[in-house]
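Undergrad: here is a sequence with its predicted model. Questions after.
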Amino acid sequence: MNQYPRCQLANSQNGATLIVVLMFLLLIIVVGVIAVRNSMTSLRLATSDQVDTLLLTTSDTSNKNIENIINDPAYSSEKANILGSLGFFGYFLNTGATSNRGDQVLFCYRPRQSYFFKMSEATIITPSGQSKLVGGAGSSGFCRPSEADDFVNARQNVMTQVSVTRPNTQSLPVTPFGNVPLEITINSEDATSSSPSFRIHSTSFLPAMSNVSDAKITECLEKPSENAASFVAGIDEDDPTQNTYFGETRNECLAKIGVPAKVLVKEAKLENDVNSENCIDDGYGEGDGKISKACQELLGLTPTGKIA
């Protein structure tokens, strides 16, 4: 008998089995690829969220340090430094209250150093976007990705560039007396009436999470933290402190070259807080008539009011 038809039937069955196995294998591969792709997407989302949190926390830390220096008596020496003529607040006070307004004092936040700020390690940028060599400032106010000490932590992943400016009249609130705090008078005899406004930009970024050179990053850091389109409420051609820089800002430049960055902008006011001291307890004739110990130390007097 002819056996060929039976052999042909067996070959057809083997071929059908092979096709079914290949289809199942292809289906498993497709499901695996989809699972891996979803996992990678979830990882990217988690990483992006972690980066945002890290950058925001680091920027906020530098601002918190400035608050602590001003408000905490334990930092009296640092407070005297930043309020002095070579400090980023003092630069805009006293003789610089008018001429320096609109400038930006830039420095790299280095929390692992024994000091918070040095004018010799800062750079001043004018309202036109140009560097200004004055008051001990130079060209070293920018964070350097090649320097380990310029990173905020020992892991060397985050850097923070800080800039402080005292806005000019065009970039102050446009509402009447918008720059005067509530419950504060504007009487010249009131010691608490002087409340200069400052704007602080803290830009944290991750140099290692980009493929650009250190030179490109430095080029972005040298740009002003804000331009004339950021806050200016009006135009006054006769005002020398008018921000005339309309170019790219630091954060815009970092975003363009692909460096993850987060900028935290904070408005701050300095108030002259005056506390009175009652030098004579209950007055003469009612108490013991002696000057309080605090006033003795402050004025250099004896308990009876004589010069010590």
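TA: Here it is on my side, so go on.
Undergrad: ignoring the adjacent residues along the chain, who's closest to Lys266?
TA: In this structure, Lys266 finds its nearest non-sequential neighbour in Ile200, 4.6 Å apart by CB to CB, 6 or more residues apart in numbering. The C-beta positions use only the backbone N, C-alpha and C, and glycine is treated the same way.
Undergrad: I figured that neighbour hits Leu270, correct?
TA: No - counting by CB atoms under 8 Å, Leu270 is not a contact partner of Ile200; they are 11.8 Å apart.
Undergrad: joint contacts of these two?
TA: Among the neighbours of Ile200, none is also in contact with Leu270 (CB atoms under 8 Å, 6 or more residues apart in numbering).
Undergrad: neighbour count winner among those two?
TA: Here Ile200 and Leu270 are compared on neighbour count by other CB atoms under 10 Å; more neighbours surround Ile200, at 20 against 16.
Undergrad: low pLDDT regions in this structure?
TA: Applying pLDDT under 70 to the chain flags the ranges 1-21, 31-47, 96, 133-138, 169-194, 230-245, 272-289, 298, 308.
Undergrad: ok, which stretches of it are helices?
TA: Ranges of helices in the chain, per DSSP state H, are 4-71, 76-83, 96-99, 214-221, 228-231, 250-256, 293-299.
Undergrad: need the contact list for Val212.
TA: So Val212 contacts 257-259 (CB under 8 Å, 6+ apart).
Undergrad: what's the burial count for Val30?
TA: Using other CB under 10 Å, Val30 has 10 other residues around it.
Undergrad: then Asn94?
TA: So Asn94, with other CB under 10 Å, has 11 neighbours.
Undergrad: and it, what does it touch?
TA: So Asn94 contacts Ser85 (CB under 8 Å, 6+ apart).
Undergrad: with Asn157 instead?
TA: So Asn157 contacts 151, 206, 208 (CB under 8 Å, 6+ apart).
Undergrad: most neighbours, which of those?
TA: Phe151 (23 neighbours).
Undergrad: re earlier: can you list the contacts of Val212 in TSV and add neighbour count and distance to Ala80?
TA: Shown next, in TSV, are these (neighbours: other CB atoms under 10 Å; distance: CB to CB, whole Å):
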residue	neighbour count	distance to Ala80
Ile257	15	39
Gly258	12	41
Val259	22	36
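Undergrad: closest to Phe107 out of the residues you listed?
TA: Val259 (19.1 Å; CB to CB).
Undergrad: please name the bridge partners of the residue nearest to Lys266.
TA: Ile200 has these beta-bridge partners by DSSP bridges: Val164, Lys266.
Undergrad: Thr165 versus that one, what's the distance?
TA: Ile200 sits 8 Å away from Thr165, going by CB to CB, to the nearest Å.
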